[in-house]
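>>> from the sequence below, what's the structure:
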Amino acid sequence: MTSDRPLLLAALLLTAGLIRPAPAGAEAGWTDYGYVQEFRPTTAGRFLFRLPVKENPSGCSEKEWFFRDHTGPGAEHIFRILLRSVEDNLPVRVHVTGTCDHNGYSAVNAAAVAP
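The predicted structure is shown next:
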């Protein structure tokens, strides 16, 4: 017998408004390059950043705001890339997952500094 726990958890999170279903036209993909304008590590288990870009395929309502949880594969690497881009004023792009948080920020799972 399979457990209904994952389905129940997803339903609870959706009901609580902590995650939102992907908007119509939401996609995973790379943004274009831009310069990080604000970088905010938080005590809420994630870091937030504003990256003004022309192309954000996520479809989230906040086109310039992104987030990443501190945990999970690659989180520390993404954090370091973003911090370096701020310190050295380097253009960076991010890979969005197509997931939006309750603020309309795009979830990211990769980052790259311009060559």
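>>> you'd agree residue 69 is up against residue 45?
Yes. Residue 69 is within contact range of residue 45, at 5.8 Å (criterion: Cβ atoms under 8 Å). C-beta: built from backbone N, CA, C; applies to glycine.
>>> looking at the two, which one has more neighbours?
Counted by other Cβ atoms under 10 Å, residue 69 and residue 45 do not tie: residue 69 has more neighbours, with 13 against 8.
>>> and the strand ranked longest in the chain, how far out from the chain's middle?
Among all segments of the chain classified by DSSP state E, the strand with the greatest residue count is strand 92-101. The chain centroid and the centroid of strand 92-101 are separated by 4 Å under Cα atoms, centre = their mean, to the nearest Å.
>>> mind listing residues that contact whatever helix or strand comes next after that strand?
Later in the chain than strand 92-101, the nearest helix or strand by DSSP states H and E is strand 106-113. The contact list for strand 106-113, computed with Cβ atoms under 8 Å, 6 or more residues apart in numbering, reads 30, 56, 58, 60, 62, 65-68, 74, 77-78, 81-82, 84-85, 90-101.
>>> so where's this protein uncertain?
Along the chain, the parts satisfying pLDDT under 70 run over 1-26.
>>> residue 85: which element?
Here residue 85 is covered by helix 75-87, with elements defined by DSSP H and E.
>>> between that helix and strand 106-113, how many degrees?
Helix 75-87 runs at 60 degrees relative to strand 106-113, counting by axes from the mean of the first three to the mean of the last three Cα atoms, to 10 degrees.
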